[in-house]
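In: Just a sequence and a predicted model for now, questions to come.
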Amino acid sequence: MYRTARYFSTAAVLIILLVLSAGISLTLGAADISARMVGNILISRIIPALESPQVRQTHIHIIMYLRLPRVLTALVVGAALGISGTVFQAVFRNPMADPYILGISSGAAFGAAIGLVTGMSAFFSLRWGIPLFAFIGGIGATTVIYLLGGRGRSATTLLLAGVAMNFLLSSLMSLMLYFNRDSLESVVYWNMGSLAASGWEDVSVMAPIILVGGAALLLFQRELNAMTLGDESALSLGVSIRKIRIGMLGLATVVTSASVAVSGTIGFVGLITPHVMRILTGPNHKTLLPYSAAAGALFLTVSDALARSIVPPAEIPVGIITAIAGAPYFLYLLKHRFREAV
Amino acid sequence: MSHPISLQNLSWSYGSQQVLRHITQEIRGGCFTSILGPNGSGKTTMLKLLMRILIPDHHTVTLDGQDILQYPRRDIAKRIGSVPQSSRAEYPYRVYDMVLMGRYPHKGRFEGIAKIDHDIVRRALKTTEVYHLRKHSIHEISGGELQRVMISRALAQEPDILALDEPTSHLDPRHQLSILRLLRTLVLERDITVMCVLHDLNSAMHFSDRVILLDQGNIAAYGHPEEVLTPASIKRVYGVDTQVRRFDGERPHILYVDS
């Protein structure tokens, strides 16, 4: 009973915070639009009769075509990172795994950059081309990480494989930029992680991928639980670990890549949220997956709100904010784990 | 007497190192069979092959007369419950959730946990006397308690065979005894077949019905513990001198002697 109460209160707090932060985020920006006005604009989209006479057309445009898709992107990308972080931590049995640290986000960003620079992504419809190339890059990185550090090797090996992957991809990225200086801006933007350019186009492509991928992952919560106990336990419980592991990594990579395709590489969301949620509601993936999704969405929405309001009218790439919050936490975990291990 | 598991010419190598050599052996149903042998003699490997955690060659391990390679993984889990050597879990699951994982092989992908599953889990927790710990995290309980939770999880799979790898190592004498007694009870009262890797010769002597003594990947002896665990065979396999002492009405005790 005690547990159930805790689940509900955590869920309630998360939902309230999500609505609040999304709402506040909609009022932030260069144009001064009050919270009341924002509310009126949103409601009058559904019931036009309620539209206040003071609402200006430009404000409607700003809310509906600039801020709303951006806030939705932050929510969906954050959820995607929270879920995929949780899955990577389970499959690799390593609480320090995360798509950014393992270099999987960089792989997806590199794939997207190649698609963009070579113009190959234009072969497909533009909306699907970039996510497709991001996925190819992401799956490449995941495969290498899995082969190098994923199979029963130590936690350190896995993290080092991620470090090497990030180094490699960052130099390849620099090389590519060296030869294609004109695409510098869009590629750098991917590397830093930003939600600045997100519009309805992005949301409409990415949200379905992430929702379907996330729902599919949720169907495997029992296998994820079993796999955190180690191969031998999982096998003896009847889990076909090879198939499941490949499937889970594939799905988590799809979800990660879809988020990278719109927002670039945003770090540490996938690391921190499963951690905090594990402390609050326990390690059972039945609850951990949806809670991490919600917490990731919250983390990224708040970070994006900060990114837009710290130095107005300029904005900081949101990846910088999440890294400033997340990297010290990573170091803290590192210290803790090594104290345990030695 | 049934033989649910039989091994036919079973071999295994890790790379160039051969660990098991052409083992042929039947495991008696409803018996407590101990697997003994020095370090590196192939005990754990044999146990892992028996439940297809390592993949044996075709037709070398059979479960109820059928090649174990032909069973779906879940069906093996419904027959054989396992307590692995190291059960340290990375994440702090609750005892109850841990044991509930034993219901995995019985549940379809879209099937929820039903009342019967909770009943089975509660019964397993009570059998192993850890019901009072069900709300604790597995990081908060002692080694002996964790071992009972692991047996509990295996029982929740409703198996007719239990495979345990050194379930009593790292435990104090009181917990060692209570685990072995529990296994003995499961054999007697529920007709469960127990296969158990042990290090302690006296534990094997006192609790098992049959003993497999492994030596460098071969079966050095098989049979009733009193027949197998003689000073001669212990000297041959372990290279230590022993005396066997018998007290009234008990099975013999093995004493190590300095030579």
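Out: Yes, it's here.
In: where does residue A:196 fall, helix, sheet strand or coil?
Out: Following DSSP: H, G, I helix; E, B strand; the rest coil, the label given to residue A:196 is coil.
In: and it, what pLDDT?
Out: Looking at residue A:196, its pLDDT is 78.
In: Next, count neighbours for the closest residue to it other than its chain neighbours.
Out: Computed as CB to CB, 6 or more residues apart in numbering or on different chains, the closest residue to residue A:196 that is not its neighbour in sequence is residue A:315, at 6.5 Å. C-beta: built from backbone N, CA, C; applies to glycine. Residue A:315: 19 surrounding residues under other CB atoms under 10 Å in any protein chain shown.
In: ok, now residue B:248?
Out: Residue B:248, neighbours per other CB under 10 Å, totals 4.
In: element containing it?
Out: Using DSSP states H and E, residue B:248 is not contained in any helix or strand.
In: which residues does the residue in the stretch 1-150 of chain A positioned nearest to chain B contact?
Out: Of all residues in the stretch 1-150 of chain A, residue A:93 sits closest to chain B, at 5.4 Å by CB to the nearest CB. Applying CB atoms under 8 Å, 6 or more residues apart in numbering or on different chains to residue A:93 gives the contacts A:227, A:228, A:230, B:90.
In: Bridge partners for the closest residue to residue B:193 other than its chain neighbours, pull those for me.
Out: Setting aside the residues directly before and after it, residue B:193 is nearest to residue B:161 in space (CB to CB, 6+ apart), at 4.5 Å. Residues in a beta bridge with residue B:161, per DSSP bridges, are residue B:80, residue B:193.
In: OK, contacts around residue B:161?
Out: Here residue B:161 is in contact with B:4, B:5, B:79, B:80, B:81, B:192, B:193, B:194, B:195 (CB under 8 Å, 6+ apart).
In: want to try JSON lines for the residues you listed, with pLDDT, neighbour count and distance to residue B:242 as columns?
Out: Shown next, in JSON lines, are the contacts of residue B:161 (pLDDT from 0 to 100; neighbours: other CB atoms under 10 Å in any protein chain shown; distance: CB to CB, whole Å):
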{"residue": "B:4", "pLDDT": "91", "neighbour count": "18", "distance to residue B:242": "33"}
{"residue": "B:5", "pLDDT": "94", "neighbour count": "23", "distance to residue B:242": "30"}
{"residue": "B:79", "pLDDT": "96", "neighbour count": "20", "distance to residue B:242": "37"}
{"residue": "B:80", "pLDDT": "96", "neighbour count": "27", "distance to residue B:242": "33"}
{"residue": "B:81", "pLDDT": "96", "neighbour count": "28", "distance to residue B:242": "33"}
{"residue": "B:192", "pLDDT": "96", "neighbour count": "21", "distance to residue B:242": "31"}
{"residue": "B:193", "pLDDT": "96", "neighbour count": "24", "distance to residue B:242": "29"}
{"residue": "B:194", "pLDDT": "97", "neighbour count": "23", "distance to residue B:242": "25"}
{"residue": "B:195", "pLDDT": "97", "neighbour count": "25", "distance to residue B:242": "25"}
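In: What is the neighbour count of the residue nearest to residue B:140 when sequence neighbours are not counted?
Out: The shortest distance from residue B:140 to any non-neighbouring residue, by CB to CB, 6+ apart, is to residue B:92 (7.8 Å). The number of residues packed around residue B:92, counting by other CB under 10 Å, is 15.
In: Let me know the helix or strand that residue B:92 is in.
Out: Short version, using DSSP H and E: residue B:92 is in no helix or strand.
In: who touches it in this structure?
Out: Taking CB under 8 Å, 6+ apart as the contact definition, residue B:92 lies against A:278, A:282, A:283, B:137, B:138, B:139, B:140.
In: what does chain B put close to chain A?
Out: Contact residues (CB under 8 Å from any CB of the partner chain) of chain B with chain A: B:48, B:51-53, B:73-78, B:80-82, B:84, B:86-87, B:89-94, B:97, B:101-102, B:104-105, B:107, B:109-110, B:154, B:157, B:163.
In: Among those, which ones are in helices?
Out: Using DSSP state H, the subset of the residues of chain B next to chain A located in helices is B:48, B:73, B:74, B:75, B:76, B:77, B:78, B:97, B:154.
In: which two of those residues lie the greatest distance from each other?
Out: Farthest-apart pair in these is B:48 and B:97; separation 25.5 Å (CB to CB).
In: Give me the more crowded residue out of the two.
Out: Ranked by neighbour count (other CB under 10 Å), residue B:48 and residue B:97 place residue B:48 first, with 22 against 18.
In: my read: the more buried one touches residue B:56, true?
Out: No - shown here, residue B:48 and residue B:56 do not form a contact pair, counting by CB atoms under 8 Å, at 9.3 Å.
In: So whichever residue of the stretch 201-342 of chain A sits closest to chain B: helix, strand or coil?
Out: In the stretch 201-342 of chain A, the residue that lies nearest chain B is residue A:238 (3.0 Å; CB to the nearest CB). What three-state DSSP gives for residue A:238 is coil.
In: Quick one: the helices in the stretch 101-250 of chain B, in order.
Out: B:115-127, B:143-156, B:173-190, B:201-207, B:225-228, B:231-238 (DSSP state H, counting those that start in this stretch).
In: looking at the ones you listed, which is buried most?
Out: helix B:143-156 (a mean of 24; mean count of other CB atoms under 10 Å in any protein chain shown).
In: CA atoms only: put it into CSV for me.
Out: Output of helix B:143-156 as CSV, limited to C-alpha atoms (Å, rounded to 0.1, in the frame of the first residue of the first chain):
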residue,chain,number,x,y,z
GLY,B,143,23.8,-13.4,2.4
GLY,B,144,21.8,-16.3,3.9
GLU,B,145,18.6,-14.5,3.4
LEU,B,146,19.4,-13.6,-0.2
GLN,B,147,20.2,-17.2,-0.9
ARG,B,148,16.7,-18.1,0.4
VAL,B,149,15.2,-15.4,-1.8
MET,B,150,17.0,-17.0,-4.8
ILE,B,151,15.6,-20.4,-3.9
SER,B,152,12.2,-18.8,-3.5
ARG,B,153,12.5,-17.3,-7.0
ALA,B,154,13.4,-20.6,-8.4
LEU,B,155,10.4,-22.2,-6.7
ALA,B,156,8.1,-19.6,-8.1
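In: what packs against that helix?
Out: On a contact count with 3 or more CB pairs under 8 Å, 6 or more residues apart in numbering or on different chains; DSSP states H and E, helix B:143-156 meets strand B:80-83, helix B:95-100, helix B:115-127, strand B:161-165, helix B:173-190.
In: Now do it, average pLDDT.
Out: The average of the pLDDT scores along helix B:143-156 is 94.
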